[in-house]
Structures are given as C-alpha cells and as structure tokens.
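A.B. asks: Here's my sequence, what's the structure:
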Amino acid sequence: MHGSEAKSLRAEAQAFLSAQSWDGNVRELRNAMEKLVILAPEPNISARLIQNILHYHQTQESTPPRETLRQAREAFERSYIQATLHEFIGNMSEAAAALDIDRSHLYRKMEQLGIKGQVL
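C.D. replies: Below you'll find the model as predicted:
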C-alpha cells in the first residue's frame, strides 16, 4: 500500500481488529489498515498501537481541524509515547528501544511534550 515497507500484525492485534464492529464494513477496515501502514513506525503492529492510532484519528475526524500541523504532530507524539510507556510498564530503556530513539532523546521528548514521569 502506498509504497510503504511491509508490516505485519501481532496475534493480539489481529484479535483486536476481529473484535471490532466495522460499521462501514470492508471499506472502513481497509481505511484503518491504510492508516496503520502509513503511520506505524515499526514493522510488527501491536494492538496497543492500533488503539492509539485509530483512536487519535477517530477523535480528529469527529472534530473540525483547528490545530496547526505542529500541534497535531505533538498531540500524536504525546499519545504515542504515552501508549508505548504504558506498554512497557514505564521501562524507559525498553520504550526508547521500541521507539527506535536514544533514552536521552525520549526524556527530552517527554519534557518537550509535557509528559510527567513514567506513564503506567
């Protein structure tokens, strides 16, 4: 899709997607998968990442766009980092590795985005 690298769904991600109602049927599922392929930074997509990305976009689509690109990017980064920290139970080293950034960069990003302490 769209020339992106190949992605795969973890088993819990497949179960999560199967449990959704998909009111828009196949078209809604396809749109969701395209968003995941484009926005997921890692090749193996987890259920937590799906929830994070799709929840963020559902919220954005239901409200008129009033933020700048910078504000939207920061909101996404904040939500994504918090979800990653939650996934790794606040372990900064593992979260940084999953985000493919240095631990010191994670701390700077958290400060920049107003994320306090370890998010569990």
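
A.B. asks: Looking at L54 now. What's its pLDDT?
C.D. replies: For L54, the pLDDT comes out at 77.

A.B. asks: Using the three-state scheme, assign it.
C.D. replies: L54 carries the three-state label helix when classified by DSSP: H, G, I helix; E, B strand; the rest coil.

A.B. asks: Quick check, it in contact with A32.
C.D. replies: Yes. L54 is within contact range of A32, at 5.9 Å (criterion: CB atoms under 8 Å). Any C-beta I mention is one placed from the backbone N, CA and C, and that applies to glycine too.

A.B. asks: Which neighbours do these two have in common?
C.D. replies: Residues touching both L54 and A32 (CB atoms under 8 Å, 6 or more residues apart in numbering): none.

A.B. asks: Counting by contacts, list what the helix of greatest length in the chain packs against.
C.D. replies: As assigned by DSSP state H, the longest helix anywhere in the chain is helix 69-87. Contact partners of helix 69-87 among helices and strands, from 3 or more CB pairs under 8 Å, 6 or more residues apart in numbering; DSSP states H and E: helix 47-62, helix 92-99, helix 103-113.

A.B. asks: Now tabulate these in TSV and tack on mean neighbour count and distance to R73.
C.D. replies: Output for the helices and strands packed on helix 69-87, formatted as TSV (neighbours: other CB atoms under 10 Å; distance: least, CB to CB, whole Å):
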stretch	mean neighbour count	distance to R73
helix 47-62	16	11
helix 92-99	17	15
helix 103-113	14	10
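
A.B. asks: I'd like the ones you listed laid out as a markdown table, including distance to A19.
C.D. replies: Converted to a markdown table, those look like this (distance: least, CB to CB, whole Å):
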| stretch | distance to A19 |
| --- | --- |
| helix 47-62 | 10 |
| helix 92-99 | 24 |
| helix 103-113 | 30 |
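
A.B. asks: could you point out where the protein is predicted with low confidence?
C.D. replies: Applying pLDDT under 70 to the chain flags residues 1-4, 24, 56-66, 117-120.
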